[in-house]
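[1] need a structure here:
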Amino acid sequence: MSNIDLETPSDVVPPAAALTPPPRRKPEIGHLPDAIVGGQPQFSAGDSIVVERHSGFLPGKPYLDTKTYRVVRLDEFTGRMHLFDEALDQNAIMNWKEGLRHGTIFKLPVGRLPIASKGTRGRPRKNPPPLPTPIVDGAPLPKKKGRGRPKGSKNRPAEVIRAEKAAVKAKRAAKKGKRASRKTL
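    Predicted coordinates:
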């Protein structure tokens, strides 16, 4: 029993530095107006907010993500918010009062939403669609490819059509006659 090598906890558990996730590029949202001013939210149900989250329990409070949410329901007394991420079709629940204590940043989007929560999923396309060409004033519009019979092609004369139909009808009748003669034998 004296030859058993027991591992010490320092050998098994990695140091705290190994537990922190690798640094991620976070979007710059410092230019956006604050969503919570003087302890009061500046948004209501139906508005969009930008949320930058940090981990509260890991050392150094590393950055997690930045997402744009639509506020579904808001309780100003408790701070509880029901949110919806339209890019990923996911619901979320957050408390803005607790979030402020843990280092979460709440901002109001201005104009076009700067944060695209939706990442590119899956494999990139092999043949991406062509970019639309800009229309220059005075230039002719591009010609659309037509469907159906090309313009200028002639119809077949009625006599030719009748003759082809008669030939097909005669061929079917001959085939039907052969089958009928085989059945009688």
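
[2] hey, let's count contacts and neighbours off CA atoms from now on
    Will do.

[3] helices of this protein, start to end?
    Counting by DSSP state H, the chain has helices at residues 9-12, 16-19, 96-102, 158-184.

[4] and of those, who's closest to Val50?
    Nearest of the helices of the chain to Val50, taken as Cα to Cα: helix 96-102 at 12.0 Å.

[5] flag every buried residue along the closest one.
    96-97, 99 (16 or more other Cα atoms under 10 Å).

[6] which helices and strands does that helix pack with?
    With contacts taken as 3 or more Cα pairs under 8 Å, 6 or more residues apart in numbering; DSSP states H and E, helix 96-102 sits against strand 80-85.

[7] state the mean pLDDT of the strand it packs on.
    Mean pLDDT, strand 80-85: 93.

[8] what's in contact with it?
    Here strand 80-85 makes contact (Cα atoms under 8 Å, 6 or more residues apart in numbering) with 67-75, 90-97, 117.

[9] from those residues, which would you call buried?
    Here, 16+ other Cα under 10 Å leaves 67-74, 95-97, 117 buried among the contacts of strand 80-85.

[10] mind listing the strands for this structure?
    Counting by DSSP state E, one finds strands in the chain at the ranges 36-37, 40-41, 48-54, 63-74, 80-85, 90-95, 105-107.

[11] now for Arg73: which residues touch it?
    44-46, 81-83.

[12] of those, just the buried ones, PyMOL syntax please.
    Those of the contacts of Arg73 that count as buried under 16+ other Cα under 10 Å are selected in PyMOL with:
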select buried, resi 44+81+82+83
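
[13] wait, which of the contacts of Arg73 is closest to Ile29?
    Nearest to Ile29 among the contacts of Arg73, with distances taken as Cα to Cα, is Leu83, at 19.3 Å.

[14] okay, the helices of the chain, which one's buried deepest?
    Highest mean neighbour count among the helices of the chain (mean count of other Cα atoms under 10 Å): helix 96-102, with a mean of 16.

[15] if we can go back for a sec, now the helices of the chain in TSV, with distance to Gly152 and mean pLDDT?
    As requested, the helices of the chain are exported to TSV (distance: least, Cα to Cα, whole Å; pLDDT from 0 to 100):
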stretch	distance to Gly152	mean pLDDT
helix 9-12	83	58
helix 16-19	74	59
helix 96-102	70	86
helix 158-184	18	89
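
[16] returning to what we had before: for Lys107, state which of the contacts of Arg73 is nearest.
    Of the contacts of Arg73, the one sitting nearest to Lys107 (Cα to Cα) turns out to be Ser44, at 13.0 Å.
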